[in-house]
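Enquirer: Need coordinates for the below:
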Amino acid sequence: MSKPTDLVQLTAPPLPYFLECGHSVYLPGDEHPNRRNIGIFDWIVVESGTLYLGEAGQSWSLGAGQSLLLLPDRHHYAVKPCEEMTSFYWLHFHTVCAWQQLPAEEADHRYPDADEHHGRFLASPYSLQLPKAWVLPSPDQTFRLFRQLLESLGERQSRAFWNRQQRFEELLRAMDLRQLESHTSPVVTVAEKAEAYIKSNYRSELNSGQMAEALHYHYNYITRCMKQVYGMTPNDYLLHYRLEQAKLLLLKTEWPIAEIATYVGFNSTPYFSNRFALKNGCSPRAFRKQYVGNVKYL
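Expert: Below you'll find the model as predicted:
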């Protein structure tokens, strides 16, 4: 279980949000309740003893320092009663974004549609990769965060709300395999470096040679990595990012459209307007008129 075979991939933002948590102690003969389609994620972390759980035909024996993420739309049940005193933490959370369970080897091939996510949430997607079942790399840290969550249950709601969400996000980050270098694939690393490079230099004239030299990878390999992770080539991503920055400037400034086009990296205003209309279904001028009144410059 040290190297997860299955992952639960959740898209953000918005991030999943905390609902409730608890600490349970089972005596020999006790067992986990039988539940079906509860509609929320149920994360189990064993502190001591062994918990025998099943989900949709698959079963696990969870020992101390091991965890299991049960899914909202599955049947969860006890495989057998506990044979010894067993202590575990549990946490319920929910998300409004897309999620899927998939084999770990497919994780680098299944990423959300960037345009679709941006259209709904006004942000580029990030995919959290949470292990379905694994051995916690830092169990003491995880137990500490759970205890802090439990302590917050006795606080005033105005204080507890922020403390709980902060602790929960710390737990999520610790679970996210993309934060652990030992689990991050070279493909994801290269794609993320290329994305960061494009965002830092999108206003400049970017070409394949510059990117290859800056990232120390062949441009064809960079292209394959970005296509695999983001579903876009570097040029596609550059165009996408420039147009998104242009939308922000159309809303935040009264700059003429030609000035915006130049600022975000386009050499031709007609070309900018054409690409903007293809992506957004309207011209830059029409887009601005939808949201901004009494604009001096169009």
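Enquirer: Next, please give the residue ranges for the strands of the stretch 51-200 of the chain.
Expert: Along the stretch 51-200 of the chain, counting by DSSP state E, counting those that start in this stretch, strands occupy 51-55, 58-62, 66-70, 75-78, 86-94, 99-103, 126-131, 133-135.
Enquirer: Poorly predicted segments of the chain, please.
Expert: For the chain, the stretches with pLDDT under 70 are 1-4, 107-110, 180-184, 292-298.
Enquirer: thinking again about what came up before, identify whichever of the strands of the stretch 51-200 of the chain lies nearest to Ser268.
Expert: Of all the strands of the stretch 51-200 of the chain, strand 126-131 sits nearest to Ser268, with 32.5 Å by Cβ to Cβ. All C-beta atoms are positioned from the backbone trio N, CA, C, and that covers glycine.
Enquirer: still on that earlier bit, tabulate the strands of the stretch 51-200 of the chain in CSV, adding columns for distance to Thr223 and mean neighbour count.
Expert: Below are those laid out as CSV (distance: least, Cβ to Cβ, whole Å; neighbours: other Cβ atoms under 10 Å):
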stretch, distance to Thr223, mean neighbour count
strand 51-55, 39, 21
strand 58-62, 37, 15
strand 66-70, 34, 23
strand 75-78, 42, 17
strand 86-94, 36, 19
strand 99-103, 24, 15
strand 126-131, 20, 22
strand 133-135, 32, 19
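Enquirer: now for those strands, which one comes closest to Glu192?
Expert: Nearest of these (Cβ to Cβ): strand 126-131, 9.9 Å.
Enquirer: Hey, what's the angle from the closest one to strand 99-103? Just curious.
Expert: Put simply, strand 126-131 runs at 50 degrees to strand 99-103, going by axes from the mean of the first three to the mean of the last three Cα atoms, to 10 degrees.
Enquirer: What strands flank strand 126-131, and is each parallel or antiparallel?
Expert: Paired neighbours of strand 126-131 in the sheet (DSSP bridges): strand 6-12 (antiparallel).
Enquirer: circling back: how about the strands of the stretch 51-200 of the chain, which one is nearest Arg144?
Expert: So among these, strand 86-94 is nearest, using Cβ to Cβ, at 10.9 Å.
Enquirer: Adjacent strands (with direction) for the closest one?
Expert: By DSSP bridges, strand 86-94 pairs with strand 17-26 (antiparallel), strand 41-48 (antiparallel).
Enquirer: Ok, which of those strands comes nearest Met211?
Expert: strand 17-26 (37.0 Å).
Enquirer: Tell me the buried residues in the closest one?
Expert: 18, 21, 26 (16 or more other Cβ atoms under 10 Å).
Enquirer: dump the residue contacts of the residue lying closest to His218 once chain neighbours are set aside.
Expert: Closest residue to His218 apart from its sequence neighbours, by Cβ to Cβ, 6 or more residues apart in numbering: Ala212 at 6.0 Å. Ala212 makes contact with 218-219, 222, according to Cβ atoms under 8 Å, 6 or more residues apart in numbering.
Enquirer: again with Thr86
Expert: Contacts of Thr86 (Cβ under 8 Å, 6+ apart): 25-26, 30, 46, 48-51.
Enquirer: mind running it again at 6 Å?
Expert: Thr86 sits next to 26, 49, 51 when contact means Cβ atoms under 6 Å, 6 or more residues apart in numbering.
Enquirer: so the second one touches Glu84, yeah?
Expert: Read it as Gly49. Yes. Gly49 is within contact range of Glu84, at 5.0 Å (criterion: Cβ atoms under 6 Å).
Enquirer: re the thing from before, name the element the residue nearest to His218 belongs to?
Expert: helix 208-215 (DSSP states H and E).
Enquirer: What helices and strands are in contact with the very next helix or strand once past that helix?
Expert: Following helix 208-215 in sequence order, the next helix or strand is helix 219-230 (DSSP H and E). On a contact count with 3 or more Cβ pairs under 6 Å, 6 or more residues apart in numbering; DSSP states H and E, helix 219-230 meets helix 186-201.
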